[in-house]
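> can't give you the sequence, but here's the structure:
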Ligand code: GNR
Ligand code: NI
């Protein structure tokens, strides 16, 4: 067990839990940082790993299951995901320069939330499965297939790398406007896609 977590992610492990040392602030809907596309990371070095650690601290502190670098104002193609933030023995995933190789034709509807739009939860339709390639925190090429919540989270985070937010994909106009207004967000900050 210890050996396996070490192989997977010890290079960026931070203790899990909501109490974290100071970590970068997460930008919220309306901030231009969220709309700028992220650039590929040319070399996976210690400074990339340090950014991943800082993102994990922000994510655990905010009790999310994923975070993309643009959410903390860094326009690099880096994601962290942890579907099990309570379970210390299950290491987080670090995805660098992720690319979708394929998605399944089947679509799922799921109620999404986002640390950049706190309190808003709305249905989004996405492919139910995804096959991606990426580099891990040691720069090693990886490929993985995901379904369920992992596929959902990967696709949500990859949207952030392109400056897209889940509210841009919400089709229920009435619920969208209602939720945004209820939580004090501006409907004009949504850039509806397709
Ligand atoms: O914490 C999060 N939960 C979540 C729930 C459903 C679909 C996607 C997500 S990702 C989100 C964290 C976040 O905003 N990542 O960018
Ligand atoms: Ni998000």
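Happy to help now that I have it. What you see is a predicted model, and the numbers here were worked out from it, not measured in a lab. Numbers count the residues shown, from 1 in each chain. Ligands and ions are numbered 1, 2, ... in the order given.
> tell me the mean pLDDT for the helix or strand harbouring residue 51?
Assigned by DSSP states H and E, residue 51 belongs to helix 46-62. Averaging pLDDT along helix 46-62 gives 97.
> For that helix, buried residues please.
48-49, 51-62 (16 or more other CB atoms under 10 Å). Yep, even glycine has a C-beta here, placed from its N, CA and C like the rest.
> Which strands or helices does it pack on?
strand 66-68, strand 78-81 (3 or more CB pairs under 8 Å, 6 or more residues apart in numbering; DSSP states H and E).
> So residue 25 sits against residue 72, correct?
Yes: if you go by CB atoms under 8 Å, residue 25 and residue 72 touch, sitting 7.0 Å apart.
> So for those two, which residue has more residues nearby?
Taking neighbours as other CB atoms under 10 Å, residue 25 and residue 72 compare with residue 72 leading, 21 against 12.
> these two touch, right, the more buried one and residue 53?
No: counting by CB under 8 Å, residue 72 sits too far from residue 53 to count as a contact (11.9 Å).
> ok, back up a step: where's the helix holding residue 51 relative to the chain centroid, distance-wise?
12 Å (CA atoms, centre = their mean, to the nearest Å).
> Quickly find the element holding the residue in the chain that ligand 1 sits nearest to.
In the chain, no residue comes nearer to ligand 1 than residue 64, which is 3.2 Å away by CB to the nearest ligand atom. In the assignment (DSSP H and E), residue 64 maps to no helix and no strand.
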